[in-house]
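In: Sharing a model that was predicted from the sequence below.
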Amino acid sequence: MRKKIALSLIILFIGSLGYGIIMVIQNPEKYQDHPETVPIVFDALQYEVKDGENITESELINQLGEPDSIEEWNFEVGDGKYYPIRTLYYGLNEYSFNDDKLQRITLYDKFSYESKDDFLPMFNLKQYSNTLINDTNVYYRAYYCGIHDLWLEYADGEITMTKITYGSIYGEP
């Protein structure tokens, strides 16, 4: 009796496997994964750190032109320690430098999205084995995704603020 049940299960398994293979052969497009291409709204990797060096203020000005304004301020990390920051403003967007190296870009441009899975590809970034993601359903922050971190404020299918960080002065995960 057990042998008949085992034989029946084996036949059922082989039959199901054969049916699945036939279906894939007859209609391969239906069973292939065709991920939709997510449009890149801002290429965060255009300013990625290369050979340990961030883009400088003069290199950015050569690319974008003269900023609308510049602000000098101190970013305090606690215990009286601070980093002097120079922020170049282009419209509402900010490019912040420390020691003449780009540390963070803050974009106030609004970007529509379909799914949270689109967040990293929208900025030409990826999730790696060491990527850490913190999602509060208002803020989304991904560390080690091709840059130090990507921080988004979002709601109702729209990203309303983007921080792209290249250095670690703004904190570790």
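Out: Arrived safely, thanks for sending.

In: Low-confidence regions, this structure specifically.
Out: By pLDDT under 70, the weakly predicted segments of the chain are 1-36.

In: all helices for it, in order.
Out: Taking DSSP state H, the helices of the chain run over residues 2-26, 28-31, 57-64, 119-122.

In: Pretty sure Tyr89 is one of the things Ser68 touches, is it not?
Out: In this structure residue 68 is Asp, not Ser. Yes. With contact defined as C-beta atoms under 8 Å, Asp68 counts as touching Tyr89 (5.0 Å). C-beta coordinates here come from the backbone N, C-alpha and C atoms, glycine included.

In: Check the chain and tell me which residue is nearest its centre.
Out: Closest to where the C-alpha atoms of the chain average out (C-alpha atoms, centre = their mean) is Leu120, at 2.7 Å.

In: how about that residue, what does it touch?
Out: Residues in contact with Leu120 (C-beta atoms under 8 Å, 6 or more residues apart in numbering) are Lys126, Gln127, Ala142, Cys145, Leu150.

In: Dump those to JSON lines, plus neighbour count and distance to Thr165.
Out: JSON lines is the format used below for the contacts of Leu120 (neighbours: other C-beta atoms under 10 Å; distance: C-beta to C-beta, whole Å):
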{"residue": "Lys126", "neighbour count": "12", "distance to Thr165": "16"}
{"residue": "Gln127", "neighbour count": "16", "distance to Thr165": "17"}
{"residue": "Ala142", "neighbour count": "24", "distance to Thr165": "11"}
{"residue": "Cys145", "neighbour count": "21", "distance to Thr165": "11"}
{"residue": "Leu150", "neighbour count": "23", "distance to Thr165": "8"}
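
In: re the thing from before, settle it for me: which of Asp68 and Tyr89 has more neighbours?
Out: Neighbours per residue (other C-beta atoms under 10 Å) separate Asp68 from Tyr89, with Tyr89 holding more: 14 against 11.

In: how near is Ser69 to Val49?
Out: Note on Ser69: its distance to Val49, by C-beta to C-beta, to the nearest Å, is 26 Å.

In: okay, those two: which has more neighbours?
Out: Per other C-beta under 10 Å, whichever of Ser69 and Val49 has more neighbours is Val49, with 14 against 9.

In: The closest residue to the more buried one other than its chain neighbours: neighbour count?
Out: If the residues on either side of it in the chain are set aside, Val49 comes closest to Tyr166, at 5.5 Å by C-beta to C-beta, 6 or more residues apart in numbering. If you count neighbours by other C-beta under 10 Å, Tyr166 ends up with 21.

In: so Tyr166 makes contact with Phe97?
Out: No. Under the criterion of C-beta under 8 Å, Tyr166 makes no contact with Phe97, lying 10.2 Å away.

In: Need the residues touching each of the two.
Out: Residues touching both Tyr166 and Phe97 by C-beta under 8 Å, 6+ apart: Gln103.
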